[in-house]
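In: here is my input; please provide its structure:
(one chain, ligands or ions: 1)
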Amino acid sequence: MITIRHIEGRRSERVAWLLEELGVPYELDFIQGDILRSLLALEAHHEMRMAPIVTDGDVVMVESGAILEYILARYGKGSSLRPDEASPAFAAYLEFLHFAEGTAMAKILADRMMEAAKAADAPSAMPKLPGLAGSRTGAQRVLHYAENTLAKAPYFAGDQFTAADIMMHFPLKLGAPAAVGATASLAEVQRTDHAYLDAFPNVKGFLVRMAERPAFQRAMKSTMPKGPPAM
Ligand SMILES: N[C@@H](CCC(=O)N[C@@H](CS)C(=O)NCC(=O)O)C(=O)O
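Out: Residues are numbered from 1 along each chain as shown. Modelled structure (predicted):
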């Protein structure tokens, strides 16, 4: 049985979502309603002490994107959640599977650190650069890129839902308010009816479509049994 060491409302929900899509059983290990104790409990399973940590027999893994690839390789052979390597969708699939953490989350979190440094009157080490990208914050660059990608097809790898969409969901829901200078708690970002999403209609449509998926709904119910956490 696959065990997901989990924190409510965090990236570990991706693993539950993928397993729900595949119909593979799993168990979640977390302390309901207690984010801090769930986080501290992770240390018993991995020195990185971050969620998700996945255990499958002798395998213990961190890094959600790698975990999704592992699960697809072991339990999802032939599944449409991973396009065939010969398919035209494969390059975009790989890009967004990795972009979600490697760039999107990194840029969204870097914005937050820059905001905190600005609030503390710390001098910026980065000069303002010219051009379109230079005029945008990290979250804006990510959200505009996602918006333009989703203008061409309903999913990140084209016409078919894949694990890349599972990876992208988390940075989009976190990055959308940041991109328009709004603030939203972790509980609030679970909703898809915010006015701030109107700035990115294709992203909004994507988030709505994801929320309609039965596997997504089952995963959100199992990973947040008492509803979204306040923090
Ligand atoms: N890139 C990693 C990030 C994991 C991560 O930072 N998880 C957060 C929860 S969403 C966490 O556990 N943070 C606590 C910490 O790192 O101390 C992944 O995608 O799995």
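
In: which helix or which strand is home to the most centrally placed residue in the chain?
Out: For the chain, residue 170 is the residue whose C-alpha lies nearest the centre (CA atoms, centre = their mean; 2.5 Å). Using DSSP states H and E, residue 170 sits in helix 163-179.

In: excluding residues flanking it in the chain, which one is nearest the residue nearest to the centre of the chain?
Out: In space, and not counting its chain neighbours, residue 170 is closest to residue 11: 5.8 Å by CB to CB, 6 or more residues apart in numbering. Quick note: C-beta positions are derived from backbone N, CA and C, even for glycine.

In: count the neighbours of the one you found for me.
Out: Neighbour count for residue 11, taken as other CB atoms under 10 Å: 21.

In: assign it to helix, strand or coil.
Out: Following DSSP: H, G, I helix; E, B strand; the rest coil, residue 11 is assigned to coil.

In: residue contacts, it?
Out: 51-52, 64, 170 (CB atoms under 8 Å, 6 or more residues apart in numbering).

In: ok, residue 167 next?
Out: Contacts for residue 167 (CB under 8 Å, 6+ apart) come out as 14, 64-65, 68, 96-97, 99-101.

In: how about the strands in this structure?
Out: Secondary structure of the chain (DSSP state E): strands at 2-5, 26-29, 53-56, 59-62.

In: out of these, which gets nearest to the ligand?
Out: Ranking the strands of the chain by proximity to the ligand (CB to the nearest ligand atom) places strand 59-62 first, at 6.0 Å.

In: direction included, what does that closest one pair against?
Out: strand 53-56 (antiparallel) (DSSP bridges).

In: for the residue nearest to residue 170, give its distance to the ligand.
Out: 4 Å (CB to the nearest ligand atom, to the nearest Å).

In: show the model's pLDDT score for that residue.
Out: Note for residue 11: predicted pLDDT of 98.

In: try residue 36
Out: pLDDT, residue 36: 97.

In: compute the first-to-last residue distance for stretch 144-155.
Out: Terminal residues of stretch 144-155 are spaced 15 Å apart (CA to CA, to the nearest Å).

In: list the buried residues for it?
Out: Neighbour-count burial for stretch 144-155, counted by 16 or more other CB atoms under 10 Å, picks out 144-147, 149-150, 155.

In: so which of the residues you listed is the closest to residue 22?
Out: Closest approach between the buried residues of stretch 144-155 and residue 22, by CB to CB: residue 155, at 16.9 Å.

In: just the closest of the contacts of residue 11 to residue 19, please.
Out: Closest to residue 19, out of all of the contacts of residue 11 and judged by CB to CB, is residue 52, at 11.1 Å.

In: skip the chain neighbours and tell me the closest residue to the closest one.
Out: Using CB to CB, 6+ apart and skipping residues adjacent in sequence, the residue nearest residue 52 is residue 12, 3.5 Å away.

In: picking that back up, off-centre distance for the helix holding residue 170?
Out: 5 Å (CA atoms, centre = their mean, to the nearest Å).

In: need the CA coordinates for it. PDB is fine.
Out: The C-alpha coordinates for helix 163-179 follow below in PDB (Å, rounded to 0.1, in the frame of the first residue of the first chain):
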ATOM      1  CA  ALA A 163      -0.200  14.500 -14.700                       C
ATOM      2  CA  ALA A 164       1.200  17.900 -15.800                       C
ATOM      3  CA  ASP A 165      -2.200  19.400 -15.000                       C
ATOM      4  CA  ILE A 166      -2.100  17.900 -11.500                       C
ATOM      5  CA  MET A 167       1.300  19.600 -11.000                       C
ATOM      6  CA  MET A 168       0.300  23.000 -12.400                       C
ATOM      7  CA  HIS A 169      -2.900  23.200 -10.300                       C
ATOM      8  CA  PHE A 170      -1.100  24.100  -7.100                       C
ATOM      9  CA  PRO A 171       1.000  27.000  -8.300                       C
ATOM     10  CA  LEU A 172      -1.900  28.500 -10.300                       C
ATOM     11  CA  LYS A 173      -4.200  28.600  -7.300                       C
ATOM     12  CA  LEU A 174      -1.500  30.100  -5.100                       C
ATOM     13  CA  GLY A 175      -0.100  32.400  -7.800                       C
ATOM     14  CA  ALA A 176      -3.300  33.900  -9.200                       C
ATOM     15  CA  PRO A 177      -4.000  36.300  -6.300                       C
ATOM     16  CA  ALA A 178      -0.400  37.200  -6.000                       C
ATOM     17  CA  ALA A 179      -0.300  38.100  -9.700                       C
END
